[in-house]
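Trainee: pasting the structure only:
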């Protein structure tokens, strides 16, 4: 499994969340299996998103699509995003 990790400041979390929920790139069709949205408890205007994929190619494809979306909303809806694609080596629930 591969994870696309994205984090960035947002001027208004609720406004950002509404845009995220509108799903402008079609996450499911792009191969997203599951995602998680979190934010730091000490900074409610910061978004952290982890999206899970079966392949690294799917993760790279969604990242490319998101970069196009970000180019249209950066500065108004989001700050500078930091991204990373990782491979899950181990996962356990205790």
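Mentor: Right, received. Where do you want to start? This structure is a prediction, so every number in the text was calculated from the model and none was measured.
Trainee: who does the top helix by length along the chain touch, helix- and strand-wise?
Mentor: Determined from DSSP state H, the single longest helix within the chain is helix 56-73. If you count contacts as 3 or more C-beta pairs under 8 Å, 6 or more residues apart in numbering; DSSP states H and E, helix 56-73 packs onto strand 2-9, strand 46-53, strand 82-87. In this view, the C-beta of every residue, glycine as well, is placed from N, C-alpha and C.
Trainee: quick one: average pLDDT of the next helix or strand after the first one?
Mentor: Using DSSP states H and E, the helix or strand that directly follows strand 2-9 along the chain is helix 13-21. Averaging pLDDT along helix 13-21 gives 93.
Trainee: and helix 13-21, which residues are buried?
Mentor: Within helix 13-21, the residues that count as buried by 16 or more other C-beta atoms under 10 Å are 13, 16, 20.
Trainee: check whether the second one really touches residue 78, as I assumed.
Mentor: The reference is to residue 16. Yes. Taking contacts as C-beta atoms under 8 Å, residue 16 lies within contact range of residue 78: 6.6 Å.
Trainee: between those two, which contacts overlap?
Mentor: The contact sets of residue 16 and residue 78 overlap at 10, 47 (C-beta atoms under 8 Å, 6 or more residues apart in numbering).
Trainee: okay, now residue 62: neighbour count?
Mentor: One way to gauge burial is a neighbour count; for residue 62, by other C-beta atoms under 10 Å, it gives 22.
Trainee: that one and residue 78, how far apart?
Mentor: Taking C-beta to C-beta, to the nearest Å as the measure, residue 62 and residue 78 are separated by 16 Å.
Trainee: would you turn the buried residues of helix 13-21 into a markdown table with distance to residue 45?
Mentor: Converted to a markdown table, those look like this (distance: C-beta to C-beta, whole Å):
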| residue | distance to residue 45 |
| --- | --- |
| 13 | 6 |
| 16 | 8 |
| 20 | 14 |
